[in-house]
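Undergrad: Give me a model of this one.
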Amino acid sequence: MIDDDVNLTVHVRDWLVEVEKHSLEIAHTAEDGWQLLSQFAYEVVVLDWQLPAMSGVELCRKVRANEIPVLILFLTGQGTTENLEEGLGAGADDYLKKPFEVRELAARVKALLRRSGPVSNLAFSKLSVALEPEKRALSIGDESVRLSKLECAFLEFLMRRPDAVFSAADILKNVYPSEKNSSEEAVRVMVKGLRTKLGQMKNSQRATSLIKTIPGLGYSFSLSTDENRGNEN
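TA: Prediction:
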């Protein structure tokens, strides 16, 4: 939830967390909200329209321009038809006018989650890249490659946070099964094998450049169209 009204966020948090059993994180500025969205994966963003510095509409457009896969619900006192058109045109999935009943907000969040389905595909139209987790398939243009369970989980983790950098330790914690006894070296071997697989595609340079290695830091899914980047093991 991104809203500068502290009392409102506390009220909403109490209901969504204590009653509805959702996990909720709160930011009070668009800039702080963007930092969270660019680093972590969320299913729904409850976004205030009027925020200091950067407005909710501006943030919504930024999220959509960067193709971050998240559902966006606007909370706003802006209630005209023109405002509704602007919010939905910016990329919002739903719109709730203030003042509102928290039960209605909870119901709308549930409806959005039902709409998204149990597993959502990840697509980046600018790159002609799409990941289908259920099929464990990565498509680049008109070509597709099958992935192992770990390769698919690794790509999904990175693609939900494009351009964010994650260490091998981060990958172990968030991608590998908790009961699996693995090391950071195992992550490096997995990534190397994945790059070998991507290197067998027709547009191999383009495919391998999607996974960027930052020496001493970790890995990221690169939104850059520069095919000369990200070929380190």
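Undergrad: And this structure, split by domain according to the record?
TA: Per automatic domain parsing, the structural domains of the chain span 6-116, 122-221.
Undergrad: Arrange the ones you listed in JSON lines, one row each, with mean neighbour count as further columns.
TA: In this view, the C-beta of every residue, glycine as well, is placed from N, C-alpha and C. Output for the domains of the chain, formatted as JSON lines (neighbours: other C-beta atoms under 10 Å):
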{"stretch": "domain 6-116", "mean neighbour count": "16"}
{"stretch": "domain 122-221", "mean neighbour count": "16"}
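Undergrad: Make TSV out of those and add mean pLDDT.
TA: Below are those laid out as TSV (pLDDT from 0 to 100):
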stretch	mean pLDDT
domain 6-116	88
domain 122-221	86
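Undergrad: where's the most centrally placed residue in the chain relative to Phe154, distance?
TA: Centroid check for the chain by C-alpha atoms, centre = their mean gives Arg160 as the closest residue, at 3.6 Å. According to C-beta to C-beta, to the nearest Å, Arg160 and Phe154 sit 11 Å apart.
Undergrad: Let me see the ranges of the strands in the protein.
TA: Secondary structure of the chain by DSSP state E: the strands cover 44-48, 71-76, 94-97, 122-124, 129-132, 137-140, 143-146, 211-214, 218-221.
Undergrad: and the shortest one, how far out from the chain's middle?
TA: Computed by C-alpha atoms, centre = their mean, to the nearest Å, the chain-centroid distance of strand 122-124 equals 10 Å.
Undergrad: Could you list every helix and strand that that strand packs against?
TA: Strand 122-124 sits against strand 129-132, helix 149-159, with contacts defined as 3 or more C-beta pairs under 8 Å, 6 or more residues apart in numbering; DSSP states H and E.
Undergrad: Tell me which of the ones you listed sits nearest to Gln78.
TA: Gln78 lies closest, by C-beta to C-beta, to one member of the helices and strands packed on strand 122-124: helix 149-159, at 32.7 Å.
Undergrad: elements contacting that closest one?
TA: Other helices and strands packing on helix 149-159, by 3+ C-beta pairs under 8 Å, 6+ apart, are strand 122-124, strand 129-132, helix 168-174, helix 184-198, strand 218-221.
Undergrad: could these be laid out in CSV, adding distance to Ser204?
TA: Formatted as CSV, the helices and strands packed on helix 149-159 follow (distance: least, C-beta to C-beta, whole Å):
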stretch, distance to Ser204
strand 122-124, 18
strand 129-132, 14
helix 168-174, 23
helix 184-198, 7
strand 218-221, 17
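Undergrad: And these: which comes nearest Pro52?
TA: strand 218-221 (29.7 Å).
Undergrad: now the helices and strands packed on strand 122-124 as JSON lines including distance to Ser23?
TA: Shown next, in JSON lines, are the helices and strands packed on strand 122-124 (distance: least, C-beta to C-beta, whole Å):
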{"stretch": "strand 129-132", "distance to Ser23": "23"}
{"stretch": "helix 149-159", "distance to Ser23": "17"}
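Undergrad: Quick one, which of those gets closest to Ile26.
TA: Shortest distance between Ile26 and these, using C-beta to C-beta, is found for helix 149-159: 23.3 Å.
Undergrad: quick one: the residue with the largest distance to the centre of the chain from Phe100, how far?
TA: Residue farthest from the centre of the chain, counting by C-alpha atoms, centre = their mean, is Thr80 at 30.0 Å. Note on Thr80: its distance to Phe100, by C-beta to C-beta, is 17 Å.
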